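A.B. asks: Give me a 3D structure for the following:
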Amino acid sequence: MIDSAPPFTDPVVAAKRERAKGRLYVMCQTIGWLGFLAMQLIFVHIVQSGKERAVSVSDDAQIVMIALLGWLISHYARVYFERWGWKEMGWLKLLPRALIMTFLMSLVWSIVGYGWSYGVLQETFPDKINPFLLMCISVINGTFVFGAWMSFYFVYHVFDRFNRSEIERLRLATVVKDAELRALKSQVNPHFMFNSLNSVRALIDEDPSRAREAVTQLANMLRYSLQAGSKQTVSFEDELTVVNDYLALEQVRHEERLRLRLDVDPDTLRRSIPPMLLQTLVENAVKYGIATQPAGGEIAIVARIRDGDLRIAVCNPGNLRSATAQESSRSTGVGLRNASDRLQLLFGDSATLTVSQSGPGEVTAEVVVPQDADRELAAPDRRRAARPSASVTPKVSA
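C.D. replies: Here you go, the predicted model:
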């Protein structure tokens, strides 16, 4: 059962995630500008290699200064972006701002760079080149450099924001799923108790000794129901045990009209199903099968493993159309609807519950629980509930 939000919503985990993102930024920022520095040094040395004037130490220092200046300008631009929420903006608001900021960053880079070169280092402008034209070329080059930086930076944050929204969507879906499961369980337990108490009430005046035994069986069922309420799944064997107690109570009312046949593969006993799933199917079989037939009939519970999936079939006498009409008129289809909804919420579309007319005068409810959804319990191997192809009647005292 999911009782809290996933770990990524924890403040401590969120803070660690932000610190990790900060370290990633510093690493990428440093590697990027070191790469820019290396390319500039290689380019300058290759261009100047065939010329009379060799590359001086001051030339290399100037290139290092330009790269360092680019690192600082882009870093403080990032601080500005975070302060004013640029990372959360949509494309229509972000794009014009990013273009203007790219130009301003390039302009500052060029002005400070030329101020360093021709003011501090006392270099002279090349002959026959207009200083203003040289500045424009530098701004254009800087626009490409910072434009690339901006692109990488905001594309990363767009994907990060998308991932965060997907995580939040999944978290909310999990919370909704958990709430739906809790709501369904709160409906299942009263529905189950109401039907069981009716059986006990019928015994009180007719046979007090049987009524006491029935109360014990009902207590076992209620204990199971309370324990199962805190679990998403239980073993199929445990569910068979509580169904046996339930049918013992029902046989007090229906006597010889109710017969039970179990055909259960032992490999199915350790497989997991939602709590009260089999109980709901058997209740439905008694109510719309046995109770509506003057002569009663047999309820068959068949469980097999096919292609790794657990398949459970509950067969009862009756007609599906008439049973459906009764269900609609009495508004008592809560149990089957809840069982189907819980299967879907827990295991997805691969888990199914179908009710069909399997033969003349026979209705079958079949459940399929997929293999990958199985959650076997670690309890010791138990084989109390059933054996293959055994004909078993509910345990009722004479």
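A.B. asks: show me where pLDDT drops low in the stretch 101-250 of the chain?
C.D. replies: 118-129, 172, 175-193, 195-196, 199, 229 (pLDDT under 70).
A.B. asks: Break down it into its helices, ranges please.
C.D. replies: Assigned by DSSP state H, counting those that start in this stretch, the helices in the stretch 101-250 of the chain fall at 131-204, 208-228, 236-254.
A.B. asks: Name the stretch among these that sits most buried.
C.D. replies: Highest mean neighbour count of the helices of the stretch 101-250 of the chain: helix 236-254, a mean of 23 (counted as mean count of other C-beta atoms under 10 Å). The C-beta positions use only the backbone N, C-alpha and C, and glycine is treated the same way.
A.B. asks: Pull that one out as PDB, backbone CA atoms only.
C.D. replies: Coordinates of each C-alpha in helix 236-254 appear next as PDB, following Å, rounded to 0.1, in the frame of the first residue of the first chain:
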ATOM      1  CA  PHE A 236      -4.900 -17.500  -3.100                       C
ATOM      2  CA  GLU A 237      -4.800 -20.200  -0.400                       C
ATOM      3  CA  ASP A 238      -5.800 -17.800   2.400                       C
ATOM      4  CA  GLU A 239      -8.700 -16.600   0.200                       C
ATOM      5  CA  LEU A 240      -9.800 -20.200  -0.300                       C
ATOM      6  CA  THR A 241      -9.800 -20.700   3.500                       C
ATOM      7  CA  VAL A 242     -12.100 -17.800   4.200                       C
ATOM      8  CA  VAL A 243     -14.400 -18.900   1.300                       C
ATOM      9  CA  ASN A 244     -14.700 -22.300   2.900                       C
ATOM     10  CA  ASP A 245     -15.900 -20.600   6.100                       C
ATOM     11  CA  TYR A 246     -18.300 -18.400   4.100                       C
ATOM     12  CA  LEU A 247     -19.800 -21.400   2.300                       C
ATOM     13  CA  ALA A 248     -20.200 -23.300   5.600                       C
ATOM     14  CA  LEU A 249     -22.400 -20.400   6.700                       C
ATOM     15  CA  GLU A 250     -24.300 -20.300   3.500                       C
ATOM     16  CA  GLN A 251     -24.900 -24.100   3.600                       C
ATOM     17  CA  VAL A 252     -26.700 -23.600   6.900                       C
ATOM     18  CA  ARG A 253     -29.300 -21.600   5.000                       C
ATOM     19  CA  HIS A 254     -29.400 -23.600   1.800                       C
END
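A.B. asks: If we go by neighbour counts, what in the following helix or strand past it is buried?
C.D. replies: Downstream of helix 236-254, the next assigned helix or strand under DSSP states H and E is strand 258-264. By 16 or more other C-beta atoms under 10 Å, the buried positions in strand 258-264 come out as Leu258, Arg259, Leu260, Leu262, Asp263, Val264.
A.B. asks: what packs against strand 258-264?
C.D. replies: helix 236-254, strand 297-306 (3 or more C-beta pairs under 8 Å, 6 or more residues apart in numbering; DSSP states H and E).
A.B. asks: Next, the angle helix 236-254 makes with the shortest one.
C.D. replies: Interaxial angle, strand 297-306 versus helix 236-254 (axes from the mean of the first three to the mean of the last three C-alpha atoms, to 10 degrees): 170 degrees.
A.B. asks: wait, is Arg270 part of a strand?
C.D. replies: No. Counting by DSSP: H, G, I helix; E, B strand; the rest coil, Arg270 falls outside a strand, being coil.
A.B. asks: Phi, psi for it please.
C.D. replies: Backbone geometry at Arg270, expressed as degrees, to the nearest 10, gives phi -90, psi -10.
A.B. asks: likewise Ala295?
C.D. replies: phi -90, psi 0.
A.B. asks: want to throw the helices and strands packed on strand 258-264 into JSON lines with distance to Ser110?
C.D. replies: Formatted as JSON lines, these follow (distance: least, C-beta to C-beta, whole Å):
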{"stretch": "helix 236-254", "distance to Ser110": "75"}
{"stretch": "strand 297-306", "distance to Ser110": "74"}
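A.B. asks: Could you point out which of the ones you listed sits nearest Arg223?
C.D. replies: helix 236-254 (9.2 Å; C-beta to C-beta).
A.B. asks: which helices and strands sit right next to that closest one?
C.D. replies: Where contact means 3+ C-beta pairs under 8 Å, 6+ apart, helix 236-254 is packed against helix 131-204, helix 208-228, strand 258-264, strand 272-273, helix 277-285, strand 297-306.
A.B. asks: Gln357 is nearest to which of the ones you listed?
C.D. replies: When the helices and strands packed on helix 236-254 are compared by C-beta to C-beta, helix 277-285 sits nearest Gln357, at 13.8 Å.
A.B. asks: elements contacting the closest one?
C.D. replies: Packing partners of helix 277-285 (3+ C-beta pairs under 8 Å, 6+ apart): helix 131-204, helix 236-254, strand 297-306, strand 309-317, helix 334-347, strand 362-369.
A.B. asks: can you redo those as JSON lines with distance to Ile46?
C.D. replies: As requested, the helices and strands packed on helix 277-285 are exported to JSON lines (distance: least, C-beta to C-beta, whole Å):
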{"stretch": "helix 131-204", "distance to Ile46": "17"}
{"stretch": "helix 236-254", "distance to Ile46": "75"}
{"stretch": "strand 297-306", "distance to Ile46": "71"}
{"stretch": "strand 309-317", "distance to Ile46": "67"}
{"stretch": "helix 334-347", "distance to Ile46": "64"}
{"stretch": "strand 362-369", "distance to Ile46": "69"}
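A.B. asks: closest to Ala211 out of these?
C.D. replies: Among the helices and strands packed on helix 277-285, the nearest to Ala211 by C-beta to C-beta is helix 131-204 (4.0 Å).
A.B. asks: In TSV, list the helices and strands packed on helix 236-254 along with distance to Ile42.
C.D. replies: Listed next are the helices and strands packed on helix 236-254 as TSV, based on distance: least, C-beta to C-beta, whole Å:
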stretch	distance to Ile42
helix 131-204	16
helix 208-228	71
strand 258-264	76
strand 272-273	64
helix 277-285	70
strand 297-306	67
